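[1] fold the following for me, if possible:
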Amino acid sequence: MAHHEVLIVGGGSAGLTVGAMLRNNANPPGVTIIDPSEKHYYQPIWTLVGAGVFPKEVSERKEADYIPPGAEWIKDSVATFDPDNNSLTLKSGSTHTYDILVVTAGIQINWDKIPGLVESVGKAGTGVCSNYSYDTVESTFENIRQLKKGTALFTHPSTPIKCGGAPIKITYLASDHWRKNGVAGHIKKKFIKGGPGIFAVKKYADALTKVADRYDIERVWKMDLVALRPDQKEAVFKHMESGEEIIESYDMIHVTPPMSAPDFIANSPLAADSGWVEVNKETTQHLKYSNVFSLGDCSNLPTSKTGAAIRKQAPTTAANVMAYLAGGTLPKHYDGYTSCPLVTGYGSLILAEFDYNKQPMESFPFNQAEERYSMYALKAYGLPKMYWHGMLRGREF
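    As a prediction, the model looks like this:
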C-alpha cells in the first residue's frame, strides 16, 4: 500500500493546474496524479475545429509533457473511494492512502443514453455529428460543408454540460458558413434545448437572441433529445414538463450528449445526491471530509463547467490545500467566476464573464456583450497559449 501527501485524481485541466501550483511552492508537498490518459486535449478549441477553422491536431498534446516537475504519475483509473480510511483503490487493484485528496476527474459524457447515437455519430452519410469528442469533431464541419438544403438540428441537453455555450456556438458558426456560401435561405435551422432559455445571464442572453434572430434560427425550449433513428434521419424529443414526445426530421444534427458526474464518483461517499463531489462553494473543501477538495467539472460548485472557471478555482484550492497541510485556516475564497467565449460567427465573439449570482464580471473596459473580432482572436489564438504555457504550468493571470 503506497502513501501520498497530496493525491490528485484526474490529470485534466483542474488536476494538472492544481498539481503545478502546489509544486511551484517554495516548499512543495509531494504530489501524485492518477490519470490513465496518454493524451491531453485543449477542448475549448473543438468548437472552431468543428467549424473548419483549425485541424483537430492543434488540440492534442502528450499528457507526460504536462505532469508537473517532481510530481508522480500513476497511469491508472480509480475504482472506489474509501474516504473514512483516507484511501482509494485503483482498477489495477492497488490501494493508495493520502494526507489530502483532490478530486478533479472531469465529467462523464453519456453517449449511450441516446439510443441510435453511438452507432451513427461521426459516420459518413448519417448526418449525425458532435464536437464533444476528438474522434467525431471533424465530422461536424464535413456535415456543415456538405449541407446545401434541408433541416439542421442542434441539441442542448437538460443535464449540466461542459461549456454550456458550446451548443449555441456551433449553431451560429454553421449558420454563418451557410450565409457566406449563399445557401442559408435553403436550410431550416433549429436549436433545441432541454433548458428554458438561450443563456443564464440576461445581459448576454439579450445579445445572443439578436444573433439568433439575424441567422433566422428557430429556438425550442424544454425539449430533450431522447433517441435517434438514423436510418430514417429522425430525432425523438421529449418535453421536460409535459412528457410529450415529438419527432423531428433532419438532414444534419449536431448532438450535445447528456452528461453526468463519473460513475465512480456518483457511487461513492464523496458524492452529493446530485452525483457530483459535495464541496463548500467558496473554499472547494469537502463538506464531510476536511482533507478532501474538489474542483472543476466533477464538483458540485454551482457555476458553469468551463476551463475559465477552473482557472479561478485552482488558485483557491492550491492555497487552501497548502494551508490545510500547515494546520491553518483556509485563506482563499472562490466567487463563482466563470467565462464563456461565445463565438457568434467567423471572426466575432461575445465574451461572457460572470459570478455565482449571474452578475457580469467583465475583464475589459468595454461592453463585452457586443460582438468583437478582438475577443474572437483572444479565443482562437490567445487563450490556447495561456492554457498550455501558463495555466497548466501553474501560473496565475
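[2] remind me, longest helix of the chain?
    In the chain, with assignment by DSSP state H, the single longest helix is helix 307-325.
[3] got the CA coordinates for it in CSV?
    Output of helix 307-325 as CSV, limited to C-alpha atoms (Å, rounded to 0.1, in the frame of the first residue of the first chain):
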residue,chain,number,x,y,z
GLY,A,307,-11.8,25.8,-18.1
ALA,A,308,-12.1,29.5,-17.3
ALA,A,309,-13.9,28.6,-14.0
ILE,A,310,-11.1,26.1,-13.2
ARG,A,311,-8.5,28.9,-13.8
LYS,A,312,-10.0,30.8,-10.8
GLN,A,313,-10.9,27.7,-8.8
ALA,A,314,-7.4,26.2,-8.9
PRO,A,315,-5.5,29.0,-7.1
THR,A,316,-8.2,28.9,-4.3
THR,A,317,-7.8,25.1,-4.0
ALA,A,318,-4.0,25.1,-4.1
ALA,A,319,-3.7,27.8,-1.4
ASN,A,320,-6.2,26.1,0.8
VAL,A,321,-4.5,22.7,0.4
MET,A,322,-1.2,24.3,1.5
ALA,A,323,-2.9,26.0,4.5
TYR,A,324,-4.6,22.7,5.5
LEU,A,325,-1.2,20.9,5.4
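[4] would you confirm that Thr338 contacts Asn357?
    No - between Thr338 and Asn357 there is no contact, the gap being 11.8 Å when judged by Cβ atoms under 8 Å. All C-beta spots, glycine's among them, are computed from the backbone N, C-alpha and C.
[5] list the contacts of the residue nearest to Cys163 when sequence neighbours are not counted.
    In this structure, Cys163 finds its nearest non-sequential neighbour in Thr306, 5.4 Å apart by Cβ to Cβ, 6 or more residues apart in numbering. Going by Cβ atoms under 8 Å, 6 or more residues apart in numbering, Thr306 touches 44, 162-164, 338-340.
[6] quick one: Phe354 from Lys379, how far?
    Phe354 sits 17 Å away from Lys379, going by Cβ to Cβ, to the nearest Å.
[7] typo on my end, it should be Phe397
    In terms of Cβ to Cβ, Phe397 sits 15 Å off from Lys379.
[8] the more surrounded of these two?
    Neighbours were counted for Phe397 and for Lys379 using other Cβ atoms under 10 Å; Lys379 has more, 19 against 9.
[9] my guess is that one contacts Pro44, does it?
    Yes - applying Cβ under 8 Å, one finds Lys379 in contact with Pro44, separated by 7.4 Å.
[10] could you tell me which residues touch both of the two?
    With Cβ under 8 Å, 6+ apart, Lys379 and Pro44 have common neighbours Pro341.
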